[in-house]
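Participant: Sequence isn't available, so here's the structure alone:
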């Protein structure tokens, strides 16, 4: 077993052997993160109800129907049932795969910047009931654009729950039910660095779907 690990380590460090090796085994995280010299890091992932998009939190209570009492003609006695989408915000940064040494640290360049161009969101449940449109909302892909600098962080806003998801099963039934559906949203960002290397990163956030009490 030790000899096998040593052989794999030697092959992974050899550019000539890497192409053949990728077809049969894995060289660890460096290979799984693609050919880009940087790793995309999700420092934080938050969500907010569309009616209060600035109230970001590390988890989300997604209200499937909101009864608005303002503006007119909405009133306390005759509220307006309204569907809001939910928004997300991620704080992204980059980390070099080869950090160099203490005496000669590696520095990132402008070519290492990563432009995010797509986000994929899918929902799962801890109880294993994960049929889209029956147990959880359908997964979807969204278009987003933002460039993560070579150093520092970048805040990227995106749609976390679509309007249409709250008009489809299983969420539409919650409008007249006390049931709460707890899910884990897997959020994957895709992009490329300035020389065309593809890169991605995945984060998770808990979302509880239900007909929650309205604040207005």
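Facilitator: Right, received. Where do you want to start? It should be emphasised that the depicted structure is a prediction, and the values quoted were computed from it without experimental measurement. Numbers count the residues shown, from 1 in each chain.
Participant: Pull out the buried residues from stretch 202-214.
Facilitator: For stretch 202-214, a neighbour-count test (16 or more other Cβ atoms under 10 Å) marks 203, 205, 207, 209, 210, 211, 212 as buried. In this view, the C-beta of every residue, glycine as well, is placed from N, C-alpha and C.
Participant: and which of those residues is nearest residue 116?
Facilitator: residue 203 (12.7 Å; Cβ to Cβ).
Participant: just to revisit the earlier point, and the two most separated of the buried residues of stretch 202-214?
Facilitator: Largest pairwise distance in the buried residues of stretch 202-214, by Cβ to Cβ, is 27.2 Å, between 203 and 211.
Participant: any chance of the buried residues of stretch 202-214 in CSV, plus secondary structure?
Facilitator: Output for the buried residues of stretch 202-214, formatted as CSV (DSSP: H, G, I helix; E, B strand; the rest coil):
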residue, secondary structure
203, strand
205, strand
207, strand
209, strand
210, strand
211, coil
212, coil
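Participant: Which single one of those residues is nearest to residue 81?
Facilitator: Using Cβ to Cβ, the buried residues of stretch 202-214 come closest to residue 81 at residue 211, 10.3 Å.
Participant: close enough to count as contact, the closest one and residue 171?
Facilitator: No - between residue 211 and residue 171 no contact is recorded; they are 9.8 Å apart, counting by Cβ atoms under 8 Å.
Participant: which residues does the residue sitting nearest the centre point of the chain bridge with?
Facilitator: For the chain, the residue sitting closest to the mean C-alpha position, by Cα atoms, centre = their mean, is residue 187 at 2.1 Å. Residues in a beta bridge with residue 187, per DSSP bridges, are residue 121, residue 203.
Participant: Break down this protein into its helices, ranges please.
Facilitator: 2-12, 15-22, 29-32 (DSSP state H).
Participant: buried set for stretch 83-99?
Facilitator: 83, 84, 85, 86, 87, 88, 89, 90, 92, 93, 94.
Participant: From those residues, pick the one nearest residue 62.
Facilitator: Of all those, residue 62 sits closest to residue 86, with 5.2 Å by Cβ to Cβ.
Participant: and the gap between that closest one and residue 43?
Facilitator: Computed as Cβ to Cβ, to the nearest Å, the residue 86 to residue 43 distance reads 20 Å.
Participant: Which secondary structure element of this protein has the lowest mean pLDDT?
Facilitator: helix 15-22 (a mean of 42; mean pLDDT, DSSP states H and E).
Participant: I figured residue 148 hits residue 113, correct?
Facilitator: Yes - counting by Cβ under 8 Å, residue 113 is a contact partner of residue 148 at 6.5 Å.
Participant: Which one's more surrounded, those two?
Facilitator: residue 148 (26 against 20; other Cβ atoms under 10 Å).
Participant: Pull up the gap between that one and residue 183, please.
Facilitator: Applying Cβ to Cβ, the value for residue 148 to residue 183 is 27 Å.
Participant: So, low pLDDT: which residues of this structure?
Facilitator: 1-33, 215-216 (pLDDT under 70).
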